[in-house]
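**Student:** can't give you the sequence, but here's the structure:
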């Protein structure tokens, strides 16, 4: 590829016209790709929402075991005073 500084004004204008033509011809393909990517993103979003709803429903139907188990009765605490060992000198 030639350096644009080395091109004559006519060659530069021709190069610009070629680039413009290339981009214009590529637009239908890019539009199709954009439509495809948008649809994929929408599908992924719907899958995520559906999974999230299923998880919430499952959590509502199966409460955690901690909530369903009765609390154990509190054991009476025996307070025994602890002392340090005495060391002989």
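**Tutor:** Thanks, I have it. All values reported here derive from a predicted model rather than from experimental measurement.

**Student:** quick one, what contacts residue 7?
**Tutor:** Listed by Cβ atoms under 8 Å, 6 or more residues apart in numbering, the contact partners of residue 7 are residue 15. Where C-beta positions appear, they are placed from N, C-alpha and C, glycine not excepted.

**Student:** and the gap between it and residue 15?
**Tutor:** Going from residue 7 to residue 15 by Cβ to Cβ, to the nearest Å gives 7 Å.

**Student:** cool, residue 87 as well?
**Tutor:** 96 Å.

**Student:** now residue 29
**Tutor:** For residue 29, the distance to residue 15 equals 22 Å [Cβ to Cβ].

**Student:** of these two, which one has the most company?
**Tutor:** residue 15 (14 against 9; other Cβ atoms under 10 Å).

**Student:** got the phi/psi numbers for the more buried one?
**Tutor:** phi -60, psi -40 (degrees, to the nearest 10).

**Student:** and the gap between it and residue 3?
**Tutor:** 12 Å.

**Student:** same question, residue 43
**Tutor:** In terms of Cβ to Cβ, residue 43 sits 46 Å off from residue 3.

**Student:** between those two, point out the one with more neighbours.
**Tutor:** Neighbour count, other Cβ under 10 Å: between residue 43 and residue 3, residue 43 has more, with 10 against 6.

**Student:** quick one: what helix or strand has the more buried one in it?
**Tutor:** Assigned by DSSP states H and E, residue 43 belongs to helix 9-61.

**Student:** can you list the low-confidence ranges for the chain?
**Tutor:** Residue ranges of the chain with pLDDT under 70: 1-2, 4, 65-78, 89.

**Student:** repeat that with 90
**Tutor:** For the chain, applying pLDDT under 90 flags the ranges 1-7, 9, 63-89.

**Student:** for residue 31, give its distance to residue 24.
**Tutor:** Distance, residue 31 to residue 24, using Cβ to Cβ: 12 Å.

**Student:** could you do residue 63 as well?
**Tutor:** 61 Å.
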